[in-house]
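[1] starting from these lines, generate the structure:
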Amino acid sequence: MLGAKMLGVLLIIGGCGCYGLMSASRLHKRVEQLLSMRLALACLENEISYLRTPLPTALSRAADSSAEPARSLFAGISQDLQTRDGITIDEAWQHNLDSLSRRADLNSQDLELLQIVSPQLGMSGVEEQVKLLAMVQQQLKVQEGQARLEEDSGRKLRIYGGFAFGATVVLLLL
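    Down below sits the predicted model:
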């Protein structure tokens, strides 16, 4: 009987602790994903402004030089533009951004920033597109800084909080 109780105690504390560790990991992943998006947008900006590359090719090249989740976002948009007749950049962007939102650790503000890009991309002049991409990159950099602060302040709290919550549950059950 004592062995079963000890196993239960370990499972409860371990499960709550793992939840805290996973929560802290998501904070770190968000910082990395924001950086990935910002660098991918910088690559796309260079393709558009200096090389005057057609949009599907520019998106594909930006995807090739990017880390996840930017790679899958840009590759998906490029593929949609090349294979689906009649699809606009806005539709392809929104479709792939919706798919990304289910897989990535980005919050709603991050996704809203990325949504700003789609209506203007490919529909305005090169200078306007470059200005838009630069503005979104700057805002993503701000979001990245805030995410780093959240990670620094919340990481230990989530890790220790998970284990402490598990210990509290065990004490209440005993």
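
[2] pLDDT-wise, which helix or strand of the protein ranks last?
    helix 117-120 (a mean of 88; mean pLDDT, DSSP states H and E).

[3] just the residues contacting stretch 21-32, thanks.
    67, 105-107, 110, 144, 147-148, 150-151, 154-156, 158-159, 162 (Cβ atoms under 8 Å, 6 or more residues apart in numbering). To be clear about C-beta, it is placed using only N, CA and C from the backbone, and glycine gets the same treatment.

[4] skipping its backbone neighbours, what lies nearest the most centrally placed residue in the chain in space?
    The chain has L106 as the residue nearest its centroid, 3.8 Å off, counting by Cα atoms, centre = their mean. Computed as Cβ to Cβ, 6 or more residues apart in numbering, the closest residue to L106 that is not its neighbour in sequence is Q33, at 5.8 Å.

[5] surely G20 and R155 touch.
    No. If you go by Cβ atoms under 8 Å, G20 and R155 don't touch, sitting 9.7 Å apart.

[6] now for E45, how many residues are close by?
    20 (other Cβ atoms under 10 Å).
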